[in-house]
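Novice: Okay, sequence plus prediction incoming.
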Amino acid sequence: MQIVQIPGEVIMLFEYDHYVRYIYTNRREHPKGLQPTWMGDSIGHWHGNTFVVDTIGLTDKSWLDQVGHPHSDELHVVERIRRIDRDTLEDDLTMDDPKAYTKPWVGKRIFKLRPGWHLMEYICEDPMDDVAR
C-alpha cells in the first residue's frame with residue numbers, strides 16, 4: 001500500500017487488484033444517495049496526531065477479512081490511523097453493521113514502512129491461459 005496526501009484528499013493505492021481508495025478531507029458529510037462501491041465513500045479529518053476516517057457506502061459483495069466475514073450495505077467503518085513510531089502506522093477500526101451483527105466490533109491493522117519497496121503489478125490470471133498460448 002502507498003499513501004499519497006494532496007490538498008483535499010488522501011489516496012491509498014493498493015498493489016492487490018489495483019484498488020484505489022480516496023479519503024476526502026475537504027468535506028464533512030457523505031453525499032446523499034450513494035451507490036455502493038468496493039471502497040465506499042470515505043471522509044477524513046485530523047484529531048491531533050490521529051487521522052479519523054469515516055466510511056459508508058460499501059457494497060455488500062465484499063468481505064471484511066480474508067476469512068470471509070460478510071457485511072451488509074449498512075456497514076459503517078470508523079478508522080483511527082496514527083503513526084506509533086517512525087516506521088509504523090496503527091489503524092484501529094470500529095465496524096458497525098446492524099443488519100449483519102448484533103453489536104459493533106473492533107479490529108487493528110499494523111503497517112510497517114518499507115522504503116525500498118515499490119508497488120508492483122499484481123494480476124490474478126488463470127494459469128491455464130499460459131497453457132493455451
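Specialist: Here it is on my side, so go on. Numbers count the residues shown, from 1 in each chain.

Novice: Now do Gly44: how many residues are near it, please.
Specialist: Gly44 has 20 neighbours, counted by other Cβ atoms under 10 Å. Backbone N, C-alpha and C define where each C-beta goes, glycine included.

Novice: Helices along the chain, start to end?
Specialist: Using DSSP state H, the helices of the chain run over residues 128-132.

Novice: where in it is pLDDT low?
Specialist: 122-133 (pLDDT under 70).

Novice: all strands in it, in order from the N-terminus.
Specialist: Secondary structure of the chain, counting by DSSP state E: strands at 2-6, 9-13, 20-24, 41-47, 50-56, 76-85, 88-96, 105-112.

Novice: Send me the longest one as CSV with only the CA atoms.
Specialist: Taking only C-alpha atoms (Å, rounded to 0.1, in the frame of the first residue of the first chain), the coordinates of strand 76-85 have been written out as CSV:
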residue,chain,number,x,y,z
HIS,A,76,-20.2,1.9,8.8
VAL,A,77,-16.5,1.8,9.4
VAL,A,78,-14.6,4.3,11.6
GLU,A,79,-10.8,4.2,11.5
ARG,A,80,-8.3,5.9,13.7
ILE,A,81,-4.9,5.9,12.0
ARG,A,82,-1.8,7.1,13.7
ARG,A,83,1.9,6.8,13.5
ILE,A,84,3.1,5.0,16.6
ASP,A,85,6.8,5.4,15.7
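
Novice: rewinding a little: looking at the strands of the chain, which is nearest to Gln35?
Specialist: strand 41-47 (9.5 Å; Cβ to Cβ).

Novice: follow-up on the earlier one: could the strands of the chain be laid out in TSV, adding distance to Ser62?
Specialist: Formatted as TSV, the strands of the chain follow (distance: least, Cβ to Cβ, whole Å):
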stretch	distance to Ser62
strand 2-6	21
strand 9-13	15
strand 20-24	12
strand 41-47	14
strand 50-56	12
strand 76-85	11
strand 88-96	12
strand 105-112	15
